[in-house]
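A.B. asks: predicted model and sequence follow; I will ask about them next.
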Amino acid sequence: MVVSIDKRISIAVRLGDNCIVLRKSAILFGGFAKDCKQISTKGVTVARKCFIIEMGMGIDQHGQEPTVAAARAVRNAIANNALLGVWEVAGLTDPNQMIVEVKVAVPYPEQVRPDEVLAVLPFGSKTLIVEQGGMVVAGRAIASLNDKNDEMLIAVAAVTVFVDTQD
């Protein structure tokens with residue numbers, strides 16, 4: 001249950017277990033908004049706490065696919081981590097208890113296929129926020145690589161892991 005959501009949200013649509021939130025040039029795909037700090041269910045108050053924030057960059061040099069650049073940025077962010085603390089410090093018993101919020105800035109955000117970006121993450125309740133950003137750099141179009149033009153797309157990502165703790 002979401003108790004509070006960022007005031008900047010203009011439209012929120014729940015589709016089954018997923019929530020798609022549209023707000024000032026951002027699109028959120030997944031389950032939870034980061035501004036949800038407390039959850040109360042069946043008389044137990046749970047506090048959501050930030051465990052780690054990881055950053056990464058991804059590039060699609062050929063193909064001009066913002067999804068590819070975004071997925072590479074997320075993969076780069078999580079590539080060199082071992083989150084042992086979710087068990088030893090936070091007390092989780094299953095890695096899918098983590099709440100993972102991914103924020104990606106990429107050119108042409110409306111073209112991003114969220115399921116493909118979130119598939120990079122092996123565990124957790126996943127949320128994706130896609131914003132206009134990143135960078136477009138002129139490269140070289142190579143027909144044999146199915147380039148549409150000479151653009152290279154650069155995306156940046158921040159992957160935040162939250163854990164719920166009982167207060």
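C.D. replies: Now that the structure is in, tell me what you want to look at. This is a predicted model, so every value here is computed, not measured. Numbering: from 1, shown residues only.

A.B. asks: which residue is nearest the centroid of the protein?
C.D. replies: Centroid-nearest residue in the chain, with C-alpha atoms, centre = their mean: Val102, separated by 1.7 Å.

A.B. asks: state whether it is indeed within a strand.
C.D. replies: Yes: counting by DSSP: H, G, I helix; E, B strand; the rest coil, Val102 is part of a strand.

A.B. asks: quick check: it vs Asp164, distance?
C.D. replies: 18 Å (C-beta to C-beta, to the nearest Å). Just so you know, the C-beta spots here come from the backbone N, C-alpha and C atoms, and that holds for glycine as well.

A.B. asks: what ranges do the helices span in the chain?
C.D. replies: Listed in chain order, the helices of the chain (DSSP state H) span 66-78, 85-88, 114-118.

A.B. asks: go through those helices and pick out the most buried.
C.D. replies: Mean neighbour count (mean count of other C-beta atoms under 10 Å) peaks for helix 66-78 among those, with a mean of 24.

A.B. asks: pLDDT averaged over that one - what is it?
C.D. replies: Confidence over helix 66-78 (mean pLDDT, whole number) is 97.

A.B. asks: got the CA positions of it in CSV?
C.D. replies: Taking C-alpha atoms only, helix 66-78 is exported to CSV below (Å, rounded to 0.1, in the frame of the first residue of the first chain):
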residue,chain,number,x,y,z
PRO,A,66,17.3,4.3,-26.2
THR,A,67,16.3,1.0,-24.6
VAL,A,68,19.7,-0.5,-25.3
ALA,A,69,21.5,2.6,-23.9
ALA,A,70,19.3,2.6,-20.8
ALA,A,71,19.7,-1.2,-20.1
ARG,A,72,23.5,-0.8,-20.5
ALA,A,73,23.5,2.1,-18.0
VAL,A,74,21.6,0.0,-15.5
ARG,A,75,23.9,-3.0,-16.1
ASN,A,76,26.9,-0.8,-15.6
ALA,A,77,25.5,0.5,-12.3
ILE,A,78,25.0,-2.9,-10.8
